[in-house]
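S.K.: Just a sequence and a predicted model for now, questions to come.
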Amino acid sequence: MFALATAALVYGFGPLAAEPARHTAARALLVGLAALLVDVYLY
């Protein structure tokens, strides 16, 4: 959950500030999914 929130904030205020919110949310969801997979399979 923290990875998703952090990614959304970093992308939203950083490199994707000029992009539509849909693009920012999609990339943040990919980061959240990656964090979930790492959590499930590596720990």
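M.R.: Cool, the structure landed.
S.K.: From now on I want contacts and neighbour counts done on CA atoms only, so please keep to that.
M.R.: Fine.
S.K.: can I get the CA coordinates of stretch 7-20 in CSV?
M.R.: In CSV, the C-alpha atoms belonging to stretch 7-20 read as follows (Å, rounded to 0.1, in the frame of the first residue of the first chain):
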residue,chain,number,x,y,z
ALA,A,7,4.7,5.9,-6.5
ALA,A,8,1.5,7.9,-7.2
LEU,A,9,2.9,11.0,-5.4
VAL,A,10,6.3,10.7,-6.9
TYR,A,11,5.0,10.2,-10.4
GLY,A,12,2.3,12.9,-10.0
PHE,A,13,4.6,15.6,-8.8
GLY,A,14,7.7,14.5,-10.7
PRO,A,15,8.3,13.2,-14.2
LEU,A,16,4.6,12.6,-15.1
ALA,A,17,3.3,15.9,-13.8
ALA,A,18,2.2,17.0,-17.3
GLU,A,19,0.6,13.6,-18.2
PRO,A,20,-3.1,12.8,-17.7
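S.K.: Touching that stretch from outside, list them.
M.R.: 21, 24-25, 27-28, 31-32 (C-alpha atoms under 8 Å, 6 or more residues apart in numbering).
S.K.: try it again with 6 Å
M.R.: residue 28 (C-alpha atoms under 6 Å, 6 or more residues apart in numbering).
S.K.: List the buried residues in that stretch.
M.R.: 7-9, 11-12, 16 (16 or more other C-alpha atoms under 10 Å).
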